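Asker: generate coordinates for the sequence data below:
(one chain, ligands or ions: 1)
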Amino acid sequence: MARIITVAAAQMGPIQRDHTRESCVERLITLLRIAHDKGAELVVFPELALTTFFPRWFVDDISQAHHWYETSMPNKNTQPLFDEAKRLGIGFCLGYAELTEAGERFNTQILVDAQGNTVAKYRKVHIPGHAEHEPDRPFQHAERYYFTPSDEGFGVWKAFGGRIGMMICNDRRWPESYREMGLQGVEMILCGYNTPLHYVPDPSQDPLAGFHNSLVMQSGAYQNGTFVVGVAKGGVEEGVDSLAESTIIGPSGEILAKTVTSADEVVVARCDLDWCYQYKNTLFDFDRYRRPEVYTRITAQRGAIIAD
Ligand code: CDV
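Answerer: Next up, the predicted model:
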């Protein structure tokens, strides 16, 4: 019997600084209902879907930023989203800032099943940007100040009749993220993102933002025989323009659906998970063709050791 997941990429337009959690949750519920009407059984929301992208501002005392984080999930603000999803019998993947009881701060994504149970949690591994205030920038990208890089790595969970993995934004640029999940048989990777269209360290990359977004996700999908669902928070948020172009990609690397606006928008694809095996059992038959014995540098070193 075919294993089908109808998945929705539920893109958000900007969330401004003064937008409340309640207003964000209302928008998420609207997107959820639209996705449900389009036949989706799993809805993927962006990275940091409950707040503006607050790492664009630096504060000297980080406790002044605690109001951006969630200390429990669900909580009073997000409970209506969980309730509506359960009523509709639809699952979702949600990104938010997490503050643990031990005081650790993570950039987190959860997977919630159609019965309203949180079945998986992923904490961002690759944290981009900077940890110190850089006053000369037009805006900060201080993710390395606000978030601890998770050591938990990349999990794959049995859910929605398949094997689901998660990653967050910058993770999608690293082939290791996909391969770690590929080696666990992942069939669908869910990835929220916030990608400013102006890359401050090297503005020559700005016109390539959309190209690079597609390049990494399409390659990761193809090379691991998996669906990839990339979902943006796009548009102009607090003066910073961000990439939209939320995309659902098949294991062939082809684009199955893509948003056309930079506002709240839902696109859907009907994904036959068995399609993954046309790639996993042929060109990318890992067990037959991979050569881990010669890939020793991949985990033994971080930076390049330049050959001379
Ligand atoms: N939120 C992110 O991880 N954004 C990065 C930016 C800094 C380049 C990204 O990889 O899209």
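Asker: what residues does this protein put near the ligand?
Answerer: Near the ligand, the residues belonging to the chain are 47, 128-129, 141, 169-170, 173, 193-195, 199 when assessed by Cβ under 6 Å from any ligand atom. Any C-beta I mention is one placed from the backbone N, CA and C, and that applies to glycine too.
Asker: could you single out the nearest of those residues to T108?
Answerer: Nearest to T108 among the residues of the chain next to the ligand: E47, at 9.5 Å, using Cβ to Cβ.
Asker: does that closest one sit in a helix or strand, and which one?
Answerer: Under DSSP states H and E, no helix or strand contains E47.
Asker: before we move on, what about F154?
Answerer: Here F154, judged by DSSP H and E, is contained in no helix and no strand.
Asker: next, the nearest residue to it once chain neighbours are set aside: phi, psi?
Answerer: Leaving aside its chain neighbours, F154 sits nearest to E180 (4.1 Å; criterion: Cβ to Cβ, 6 or more residues apart in numbering). With angles defined as degrees, to the nearest 10, E180 shows backbone torsions of phi -60, psi -40.
Asker: ok, back up a step: now the buried members of the residues of the chain next to the ligand.
Answerer: Among the residues of the chain next to the ligand, those that count as buried by neighbour count (16 or more other Cβ atoms under 10 Å) are 47, 128-129, 141, 169-170, 173, 193-195.
Asker: now intersect those with the helices, please.
Answerer: Counted as lying in helices by DSSP state H, out of these, is not a single one.
Asker: dump those residues into TSV; add distance to A85 and pLDDT as well.
Answerer: Conversion of those to TSV gives the following (distance: Cβ to Cβ, whole Å; pLDDT from 0 to 100):
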residue	distance to A85	pLDDT
E47	19	99
P128	30	98
G129	32	98
H141	31	98
C169	23	98
N170	27	98
R173	30	99
Y193	22	99
N194	23	98
T195	26	98
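Asker: from those residues, pick the one nearest P292.
Answerer: For P292, the nearest member of these is R173. The distance, counting by Cβ to Cβ, is 22.5 Å.
Asker: nearest residue to the closest one in space, please, no chain neighbours.
Answerer: The spatially closest residue to R173, leaving aside those adjacent along the chain, is V216, at 5.1 Å (Cβ to Cβ, 6+ apart).
Asker: so for whichever helix or strand that neighbour is part of, what gets flagged as buried?
Answerer: Using DSSP H and E, the secondary-structure element containing V216 is helix 209-224. Residues of helix 209-224 classed as buried: 209, 213-214, 216-218, 220-224 (neighbour count, 16+ other Cβ under 10 Å).
Asker: go on, stretch 248-259?
Answerer: 248-251, 253, 255-259.
Asker: could you do stretch 16-36 as well?
Answerer: Buried, per 16+ other Cβ under 10 Å, within stretch 16-36: 21, 24-25, 27-29, 31-36.
Asker: from H198, how far out is the residue in the stretch 1-150 of the chain that the ligand sits nearest to?
Answerer: When Cβ to the nearest ligand atom is the measure, the stretch 1-150 of the chain has its nearest residue to the ligand at P128, with 4.1 Å between them. Distance check for P128 against H198: by Cβ to Cβ, to the nearest Å, it reads 14 Å.
Asker: would you map the strands across this protein?
Answerer: Per DSSP state E, the chain carries strands over the ranges 4-11, 42-44, 91-99, 105-112, 118-123, 156-159, 162-168, 188-193, 227-232, 235-237, 240-242, 247-249, 255-258, 265-272.
Asker: tally of neighbours for Q205?
Answerer: Neighbours of Q205 under the rule other Cβ atoms under 10 Å: 13.
Asker: how near is it to V216?
Answerer: When Cβ to Cβ is applied, the distance between Q205 and V216 equals 13 Å.
Asker: likewise for E152?
Answerer: According to Cβ to Cβ, E152 and V216 sit 22 Å apart.
Asker: is it true that H141 touches P55?
Answerer: Yes - A contact is recorded between H141 and P55 when judged using Cβ atoms under 8 Å, the distance being 6.1 Å.
Asker: so what does the helix holding V216 touch, helix or strand wise?
Answerer: For helix 209-224, the contact count by 3 or more Cβ pairs under 8 Å, 6 or more residues apart in numbering; DSSP states H and E identifies helix 175-182, strand 188-193, strand 227-232, strand 247-249, helix 276-280 as packing neighbours.
Asker: these: which one's closest to W68?
Answerer: strand 188-193 (15.9 Å).
Asker: list the pairing partners of that closest one within its sheet, with orientation.
Answerer: strand 162-168 (parallel), strand 227-232 (parallel) (DSSP bridges).
Asker: what's that strand in contact with?
Answerer: Here strand 188-193 makes contact (Cβ atoms under 8 Å, 6 or more residues apart in numbering) with 5, 7, 44-49, 93, 95, 109, 111, 160, 162-169, 171-172, 178, 181, 213, 217, 220-221, 226-233, 243, 271, 273.
Asker: no more questions from me, cheers.
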